[in-house]
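**Student:** Task: produce atomic coordinates for the following.
(2 chains, ligands or ions: 2)
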Amino acid sequence: MWRWDFFWSILPAILNGFVVTVHATLLSFAVALVIGLVFALARRSPRAALSRPARAVTDFVRGTPLLVQLYFLYYVLPLAGLKFPALTIGIFGLGLHYATYIAEIYRAGIDAVPRGQWEAAAALDLRPWYLWTRVILPQAIPPIIPALGNRLIALFKETPLLAAITVAEMLLVAREIGDEHFSYLEPYTAVGLFFLIASLVSSAGVTWLERKYGSVEAAI
Amino acid sequence: MEASKPPSDPAIRMTGIKKSFKGTEVLRGVDLVVPAGRKVTFIGPSGSGKSTLLRILMTLERPDGGAVEIGGEPVWTVRGGGGERPASAEHLHRIRRKVGMVFQHFHLFPHMTALGNVSAAPRMALGLSRADAEDRGRRLLDRVGLADKAGAYPAKLSGGQKQRVAIARALAMDPEIMLFDEVTSALDPELVGEAVNVLLELADEGRMTMLVVTHQMNFAQAIADEVHFLDDGRIIESGSPDRIFREPSEERTKKFLDSVLAYR
Ligand SMILES: Nc1ncnc2c1ncn2[C@@H]1O[C@H](COP(=O)(O)OP(=O)(O)OP(=O)(O)O)[C@@H](O)[C@H]1O
Ligand SMILES: [Mg+2]
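**Tutor:** Residues are numbered from 1 along each chain as shown, chains lettered A, B, ... in the order given. Ligands and ions are numbered 1, 2, ... in the order given. Prediction:
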C-alpha cells in the first residue's frame, strides 16, 4: 500500500543518495574523458610499445562485465595493499570502463578530420603537441559532443552498480530504507522518479547539443 | 644552415626519385635540379605525378628510391662519419622549415581566423610571442591584400581570399622554397587574376625558389624561368617557357599542349 507520508519522509535521504550518484557520474565521466583520450591517442601511435598495451587493455575492459571489474577492484586491490574508499574505486572503475567506449568516439572524431589538415600542419612544421591541441582535437571534438553526452547518460544509468561495492548512492540508500521499514515500494519509486527526471533533463540537453554541433551518431 | 657549404648548392636536387602507391609506380625516376631563386613550373596530364613530386619535397611522402637534397643537405639521410645514417626527426623538422607549400584546396584551419591561420606557425613552430606572431601575420595579410579580413573565419572567405590566406600562412615561416600545387584551379575564373598577381609579385621579389604546378599555360609562361613537362612519372622535357610552348621537341609535349590549348 502506497503511503504518501512515508514517501515524503524518505525523500531527503534518497536525495542525498542522488547527490552521491550525480557526483560519482560526473567524476567517472571526467576520468573516462581523460583516460579515453589517452587510449585513443595510444592506440593510433606508430609505436607498438604504446599501441599494443592500449589495445590489450581496451579489449580486456570491454570484454568483461562492469560488475566483475568493480568487484575485482574492490576486493583485489586491498589484497595488493592498495586501500581506497569504495566511492573512489567506483569512480575509477566506471571511468575506466567508459573510457574504452569514449576512446572509440574520440577515434571517430579524429578520423573525421580531413587528411589535408594533418598535411597543412606538417607543412607548417607543427610539433605533435600543437598538432593535437591546436589543430586536430579542436576539430575532432565538437562533432562528437552529442555522442559523448549520450555516453554520459548511459554512465549515469549504470551507477546503481556501485551499490554492489557499498557506495551509498541512491539505490543502496533506497534498499536500506526498505530493509528498515519493510516497505520497498516508496523508496524504489522515488529512485525511479529521480532517474527519470534526470534522464529527461539530460536527454533534452543532448538534443540541444545535437542541434548545436550536429549529430554524429552515424560516425560511431 | 651549414656555413661551410659553398653558395653554389642548388635549392633542390632530386636524383632517380621513385614512388609507388599500392604497386603502381607514380614516379619512375625523376632527376631535377633547381638553382636557388629560380621559378619553375610543372605541367603535364592528370595523374602524371606532379603533386606527388611536390609532396615528396614537402616531406609529406617519402620516396621509395632515389635521393632528395634541399639546400645541399640530404633530406632522408644524414652524412657523417664516412657514411650515411637515416635522418632524425629533428633533421626532418629543420628541412621542413626551409620549405612551404600552398595546397590546391588550401587546407586552412577552419577553427582559426585568417590571422590565426597566418600566425599559427610563427607561434607554434618558431616560438614567437603572440604579439610578434600576430604582428607578422598582419603584415603578411596586408601583403596579400587581406588586412581587413584578419578576423574572418575561412568559411566566410571567398575562394580567392582563402587562397591568399593560404599563401600568407606558408610565407609566415619565411621559407626558402615555396611549392604551389595548382593554386588557381579551385578558383572561379574571375578570381584567378588576383591570385596570379600575388604569385607574380612574389616571384618578382626574386629571392625565393618557387615550384608551381599549374594547368594554366599563360600563368606558367608568365611566372616561370623554366618549364618541366611530366608524363607518366617522368620528366619528359625541360626548357624555357618560350621554347617549350613554341617549339616543344618531344611528341608527347606537343600532344599535351595541343590538347590543353585546344581546350581553352
Ligand atoms: N596517397 C596516394 N595513394 C594512392 N595513390 C595515390 C596517392 N597519391 C597519388 N596517387 C596516385 O598517383 C598518381 C599520380 O598522382 P598525382 O597527384 O601526383 O598526379 P598529378 O600529376 O598531380 O595529377 P593532377 O593533375 O590530376 O593533380 C595518380 O594516379 C594518383 O591516383
Ligand atoms: Mg595534382
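**Student:** Leaving out sequence neighbours, find the closest residue to B:Ala222.
**Tutor:** B:Leu200 (6.3 Å; Cβ to Cβ, 6 or more residues apart in numbering or on different chains). To be clear about C-beta, it is placed using only N, CA and C from the backbone, and glycine gets the same treatment.
**Student:** Give me the packing partners of the one helix or strand that neighbour maps to, helices and strands only.
**Tutor:** Using DSSP states H and E, B:Leu200 maps to helix B:189-205. Packing contacts for helix B:189-205, counted by 3 or more Cβ pairs under 8 Å, 6 or more residues apart in numbering or on different chains; DSSP states H and E, involve helix B:159-171, strand B:209-213, helix B:217-223.
**Student:** what sits against the residue lying closest to A:Ser202 once chain neighbours are set aside?
**Tutor:** Excluding the flanking residues, the one nearest A:Ser202 by Cβ to Cβ, 6+ apart is A:Ile153, at 5.0 Å. Going by Cβ atoms under 8 Å, 6 or more residues apart in numbering or on different chains, A:Ile153 touches A:199, A:202-203, A:206.
**Student:** A:Ile153 and ligand 1, how far apart?
**Tutor:** 40 Å (Cβ to the nearest ligand atom, to the nearest Å).
**Student:** Now do that residue against A:Phe29, distance only.
**Tutor:** Distance, A:Ile153 to A:Phe29, by Cβ to Cβ, to the nearest Å: 10 Å.
**Student:** In chain A, where is pLDDT below threshold?
**Tutor:** Low-confidence segments of chain A (pLDDT under 70): A:215-220.
**Student:** who does the closest residue to B:Ala224 other than its chain neighbours bridge with?
**Tutor:** Excluding the flanking residues, the one nearest B:Ala224 by Cβ to Cβ, 6+ apart is B:Thr41, at 4.2 Å. Residues in a beta bridge with B:Thr41, per DSSP bridges, are B:Val212, B:Val227.
**Student:** Show the contacting residues for B:Thr41.
**Tutor:** B:211-214, B:219-220, B:223-224, B:226-228, B:241.
**Student:** now stretch B:170-190: mean pLDDT?
**Tutor:** Confidence over stretch B:170-190 (mean pLDDT, whole number) is 84.
**Student:** May I see the buried residues of that stretch?
**Tutor:** B:170-173, B:175-184, B:186-187 (16 or more other Cβ atoms under 10 Å in any protein chain shown).
**Student:** same check, this time on stretch B:251-264
**Tutor:** Applying 16+ other Cβ under 10 Å to stretch B:251-264 flags B:252-253, B:256-257 as buried.
**Student:** got the angle for the helix holding B:Leu200 vs helix B:159-171?
**Tutor:** 20 degrees (axes from the mean of the first three to the mean of the last three Cα atoms, to 10 degrees).
**Student:** ok and helix B:189-205 relative to strand B:209-213, angle-wise?
**Tutor:** Using the same axes, to 10 degrees: helix B:189-205 against strand B:209-213 is 160 degrees.
**Student:** May I have helix B:189-205 as PDB, with CA atoms only?
**Tutor:** Provided in PDB are the C-alpha atoms of helix B:189-205 (Å, rounded to 0.1, in the frame of the first residue of the first chain):
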ATOM      1  CA  PRO B 189      37.900  32.200 -63.400                       C
ATOM      2  CA  GLU B 190      37.400  35.800 -62.400                       C
ATOM      3  CA  LEU B 191      39.400  35.200 -59.200                       C
ATOM      4  CA  VAL B 192      42.300  33.600 -60.900                       C
ATOM      5  CA  GLY B 193      43.700  37.000 -61.900                       C
ATOM      6  CA  GLU B 194      44.200  38.300 -58.300                       C
ATOM      7  CA  ALA B 195      45.700  35.000 -57.200                       C
ATOM      8  CA  VAL B 196      48.100  35.000 -60.100                       C
ATOM      9  CA  ASN B 197      49.100  38.600 -59.300                       C
ATOM     10  CA  VAL B 198      50.000  37.700 -55.800                       C
ATOM     11  CA  LEU B 199      52.200  34.900 -57.100                       C
ATOM     12  CA  LEU B 200      53.700  37.100 -59.700                       C
ATOM     13  CA  GLU B 201      54.600  39.700 -57.100                       C
ATOM     14  CA  LEU B 202      56.200  37.100 -55.000                       C
ATOM     15  CA  ALA B 203      58.200  35.800 -58.000                       C
ATOM     16  CA  ASP B 204      59.300  39.400 -58.800                       C
ATOM     17  CA  GLU B 205      60.800  39.800 -55.400                       C
END
